[in-house]
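Engineer: what would the 3D arrangement of this be:
(chains A, B, C and D)
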Protein chains: 2
Amino acid sequence: MTVTIKDIARVANCSYATVSRALNNKPGINAQTRQRIIDTASQLGYQPNAIARGLVMQRTHTIGLVIPDIVNPFFPEIARGVEDVASDQGYTVFLCNTNWDQTKENVYLKALQEKRVDGIIITPSIDLVSANGTNYAYLNEINLPIVIFSGQSTTGGHSHIEIDNHRGGFIATKHLIEAGYKRIAFIGGRESSHSNSERLKGYKSALTSYGIAIDETLITNHDFYSESGYALMESLLKLPNPPDAVFTGNDIIALGVLECLQKKGIRVPEDFGVVGFDNIIFSGYPQIQLTTISQPQYLMGKLAAEILLNEINGLSTKGVRKTILEPELIIRKTTRKLNFPYNIREKSR
Amino acid sequence: MTVTIKDIARVANCSYATVSRALNNKPGINAQTRQRIIDTASQLGYQPNAIARGLVMQRTHTIGLVIPDIVNPFFPEIARGVEDVASDQGYTVFLCNTNWDQTKENVYLKALQEKRVDGIIITPSIDLVSANGTNYAYLNEINLPIVIFSGQSTTGGHSHIEIDNHRGGFIATKHLIEAGYKRIAFIGGRESSHSNSERLKGYKSALTSYGIAIDETLITNHDFYSESGYALMESLLKLPNPPDAVFTGNDIIALGVLECLQKKGIRVPEDFGVVGFDNIIFSGYPQIQLTTISQPQYLMGKLAAEILLNEINGLSTKGVRKTILEPELIIRKTTRKLNFPYNIREKSR
DNA sequence: ATGAAAGCGCTAACAA
DNA sequence: TTGTTAGCGCTTTCAT
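Structural biologist: Numbering: from 1, shown residues only, chains lettered A, B, ... in the order given. Coordinates of the predicted model:
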């Protein structure tokens, strides 16, 4: 049925070891026989069996990409970055979308190991460090190059790449304060997610720096979806003393917040300020113009893949790379201009 | 290093064939030995090697998903649909993003075959049927279950699933006509793409049905990106007799069109109508409210995967399923209400 | 320069 | 019920 090197050997009249040599450009083989073999291989329509090769080489040229939500435009950009460098270097990538489901994440991790991927890039759906308990040390049990994307290693045993989420939360909130908003709420996504909790810490730290008391009733978390943003915004508005601004866990949430505000007829940015996080492509559209914190998504995907492939190929040591990128505030139309005279000096963080 | 069934056999004191039986729930094995084997397997932290298994079984439980643009929100929804059913059935999916690059598509197709995937779901970046010449018969040379997503088979040898693009183009254009727009342009994406050319045909057929002459200067194509939509809209506006409405090849293009219109200060929908295609999630956002043609993306992804897995598992015959879904017009805020009295009857298509 | 043969980790037919 | 053995298709020593 499918043609193998043995078939080639038969018609090219040589041993199949020779075929292997010829096809893999190994030295020590007569140029003519090599050509003859290559010719018959293409005549027979030979397609190397990567599975068999993988078995003997213990290398599959395959990596796994484990992410929580491919539908959030943040991740497709990452995926494209990862893919571009992977395919450039002859690797192929398994897409593993967990829908923020811890169980599904584990199932995927197991499958990837069984399929003998050469390495894994993962955005854990839960914060590895703050989550105490042994359950979440699972990444340490994987004996494979791993790069953690937007998360941290519990042991320092894995490279990781992320934006400085704390700083991002800080500058987002700072911007809101300086624009003169008075009661700034936080609408986060998954409370257990690493990036979310860092952003929240940044938010708190900004408030504290400016001498503003932290009001726990203004801090909410649920999901990284816009429905969640809508719902939480709605309930925040029902507070006796409702907020006049909100910093959200990501742009998608902010979109839901904006929708709610529009429905309630609350004017943005005049009476209400909104800052998101990620700077997904749609945030920049003229109709949206969301003020947000930018992450260079495609670049981050590329970097993650480069780091991983370097580790796989032994070009760099495992787990040493800590790449923290600087977040950038993108001021658009959902926050007021900084025309508010503010005397309180920002304390250093 | 890694533990194999031989290691298990050694400590469980049996042959490794027995181990294989025990671990795979094969009949004809003593319940106690099975348990003993299972126990030692987990004690040793055994992880089956799917590569070795794949080699002997000639089945990898892996499928390939080949799409042109993971960044277009249309595709992540598809991917999620595909993934959800795949992972449910124990399959894993290779994400192959081609960026509309025919060469990259071929490279991926080759890689997928070499990696012995069990089947492929592909949105060809070029129209297989209209593209004449032998180059584009490549899918027929692949001896694997394939389902073509939003495209057609040249031979009828592959199942395919798509929306009725022609019909979609027709109802989009019809809607614009009935809303009273007079000069309706078409801004497409890749001219060589199947869905694009079908949508264009639908557009022409609607105009013809309503007795409107087709003006080739109003028909433009470039890329499925919003930059392309912006640029083409801009040049269309420079025409001596510019259009007052446009039907676009997809929503992303429409977003670019809207941006251009806004910049030029042209009022939508009062003075200009826009209809997109796909109904990506962002089109429904309150700030956008794009009138468009809906495709049930997630469902389509699910269906594609189900069809493929059925073929793989011999539950249905290869290449017989032709699934054509009905498009739906979603009227939002980028087109006028149908308050225009129109006497010309729609001829049947 | 080429061939013979072992072995990667597993499944499955055949024996016992 | 269990063991022996032959591959799956390939790479890679070790001989020749």
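Engineer: am I right that residue A:38 sits in a helix?
Structural biologist: Yes. Under DSSP: H, G, I helix; E, B strand; the rest coil, residue A:38 sits within a helix.
Engineer: pretty sure it contacts residue A:24?
Structural biologist: No. Because the distance of 11.0 Å does not satisfy Cβ atoms under 8 Å, residue A:38 is recorded as not touching residue A:24. Where you see a C-beta, it was placed from the backbone N, CA and C, and this is true even at glycine.
Engineer: between these two, who's got more neighbours?
Structural biologist: residue A:38 (17 against 10; other Cβ atoms under 10 Å in any protein chain shown).
Engineer: please name the nearest non-neighbouring residue to the more buried one.
Structural biologist: Nearest non-adjacent residue to residue A:38, counting by Cβ to Cβ, 6 or more residues apart in numbering or on different chains: residue A:22, 6.2 Å away.
Engineer: tell me the SS of the one you found?
Structural biologist: Looking at residue A:22 with three-state DSSP, the answer is helix.
Engineer: and the helix or strand containing residue A:306, does that touch chain B?
Structural biologist: Taking DSSP states H and E as the definition, residue A:306 sits inside helix A:297-312. No. Using Cβ under 8 Å from any Cβ of the partner chain, helix A:297-312 stays clear of chain B, with a minimum separation of 8.9 Å.
Engineer: what residues of that helix count as buried?
Structural biologist: Neighbour-count burial for helix A:297-312, counted by 16 or more other Cβ atoms under 10 Å in any protein chain shown, picks out A:297-298, A:300-312.
Engineer: list just the nearest of the residues you listed to DNA strand C.
Structural biologist: The nearest member of the buried residues of helix A:297-312 to DNA strand C, counting by Cβ to the nearest atom of the strand, is residue A:312 at 17.8 Å.
Engineer: list the residues that contact the closest one.
Structural biologist: A:63, A:118-119, A:145 (Cβ atoms under 8 Å, 6 or more residues apart in numbering or on different chains).
Engineer: TSV please, covering those residues and showing distance to residue A:15 and secondary structure.
Structural biologist: Output for the contacts of residue A:312, formatted as TSV (distance: Cβ to Cβ, whole Å; DSSP: H, G, I helix; E, B strand; the rest coil):
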residue	distance to residue A:15	secondary structure
A:63	34	strand
A:118	30	coil
A:119	35	strand
A:145	36	coil
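Engineer: which of those has the most neighbours?
Structural biologist: So for those (other Cβ under 10 Å), the most neighbours sit at residue A:63, 26 neighbours.
Engineer: against DNA strand C, how distant is that residue?
Structural biologist: 20 Å (Cβ to the nearest atom of the strand, to the nearest Å).
Engineer: how about residue A:124?
Structural biologist: 27 Å.
Engineer: got the angle for the strand or helix carrying residue A:82 vs helix B:74-88?
Structural biologist: Element membership for residue A:82 (DSSP H and E) is helix A:74-88. Calculated by axes from the mean of the first three to the mean of the last three Cα atoms, to 10 degrees, helix A:74-88 forms an angle of 80 degrees with helix B:74-88.
Engineer: so where do the helices sit in the stretch 151-300 of chain A?
Structural biologist: Per DSSP state H, counting those that start in this stretch, the stretch 151-300 of chain A carries helices over the ranges A:165-178, A:194-209, A:226-237, A:251-264, A:297-312.
Engineer: go through these and name the closest to residue A:157.
Structural biologist: Minimum separation from residue A:157 across these (Cβ to Cβ) falls at helix A:297-312, 11.5 Å.
Engineer: got a pLDDT number for the residue in the stretch 51-200 of chain A that DNA strand C sits nearest to?
Structural biologist: Per Cβ to the nearest atom of the strand, residue A:56 is where the stretch 51-200 of chain A lies closest to DNA strand C, at 3.4 Å. The model reports residue A:56 with a pLDDT of 97.
Engineer: so what's the residue count around it?
Structural biologist: Neighbour tally, residue A:56, other Cβ under 10 Å: 9.
Engineer: for residue B:53, see how far away it is.
Structural biologist: 15 Å (Cβ to Cβ, to the nearest Å).
Engineer: now do residue A:175
Structural biologist: Residue A:175 is 55 Å from residue B:53, by Cβ to Cβ.
Engineer: hmm, back to that, greatest separation within the buried residues of helix A:297-312: which pair is it?
Structural biologist: A:297 and A:312 (22.6 Å).
Engineer: just give me the neighbour total for residue A:92.
Structural biologist: Applying other Cβ under 10 Å, I find that residue A:92 has 24 neighbouring residues.
Engineer: residue A:155 now?
Structural biologist: The burial count for residue A:155: 11, using other Cβ under 10 Å.
Engineer: tell me the SS of the spatially closest residue to it that is not a sequence neighbour?
Structural biologist: Once flanking residues are discounted, residue A:155 sits nearest to residue A:140: 5.7 Å by Cβ to Cβ, 6+ apart. Look at residue A:140: counting by three-state DSSP, its state is helix.
Engineer: I figured residue A:140 hits residue A:148, correct?
Structural biologist: No. Assessed by Cβ under 8 Å, residue A:140 is found out of contact with residue A:148, at 11.4 Å.
Engineer: the two - which one has more neighbours?
Structural biologist: residue A:148 (25 against 14).
Engineer: isn't the more buried one right up against residue A:122?
Structural biologist: Yes. If you go by Cβ under 8 Å, residue A:148 and residue A:122 touch, sitting 6.1 Å apart.
Engineer: who touches both of these two?
Structural biologist: Contacts common to residue A:148 and residue A:122, judged by Cβ under 8 Å, 6+ apart, are residue A:139.
Engineer: run a quick neighbour tally on the residue lying closest to residue A:287 once chain neighbours are set aside.
Structural biologist: What sits nearest to residue A:287 in space, not counting adjacent residues and going by Cβ to Cβ, 6+ apart, is residue B:287, at 4.1 Å. Here the count is done by other Cβ under 10 Å, and residue B:287 has 17 residues near it.
Engineer: test my guess that residue B:287 contacts residue A:258.
Structural biologist: Yes. Residue B:287 is in contact with residue A:258 according to Cβ under 8 Å; the separation is 7.1 Å.
Engineer: now do the shared contacts for these two.
Structural biologist: residue A:288.
Engineer: so, in contact with chain B or not, the helix or strand residue A:10 falls within?
Structural biologist: Residue A:10 belongs to helix A:5-12 when assigned by DSSP H and E. No. Judged by Cβ under 8 Å from any Cβ, helix A:5-12 stays clear of chain B, getting no closer than 13.3 Å.
Engineer: related to what we said a few turns ago, put together JSON lines for the helices of the stretch 151-300 of chain A, with mean pLDDT and distance to DNA strand C on each row.
Structural biologist: As requested, those are exported to JSON lines (pLDDT from 0 to 100; distance: least, Cβ to the nearest atom of the strand, whole Å):
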{"stretch": "helix A:165-178", "mean pLDDT": "98", "distance to DNA strand C": "40"}
{"stretch": "helix A:194-209", "mean pLDDT": "97", "distance to DNA strand C": "34"}
{"stretch": "helix A:226-237", "mean pLDDT": "98", "distance to DNA strand C": "43"}
{"stretch": "helix A:251-264", "mean pLDDT": "97", "distance to DNA strand C": "42"}
{"stretch": "helix A:297-312", "mean pLDDT": "97", "distance to DNA strand C": "18"}
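Engineer: give me phi/psi at the residue of the stretch 51-200 of chain A found nearest chain B?
Structural biologist: Chain B sits closest to residue A:95 of the stretch 51-200 of chain A, with a gap of 3.8 Å, by Cβ to the nearest Cβ. Backbone geometry at residue A:95, expressed as degrees, to the nearest 10, gives phi -90, psi 120.
Engineer: picking that back up, for DNA strand D, which of the helices of the stretch 151-300 of chain A is the nearest?
Structural biologist: The nearest among the helices of the stretch 151-300 of chain A, by Cβ to the nearest atom of the strand, is helix A:297-312 at 15.8 Å.
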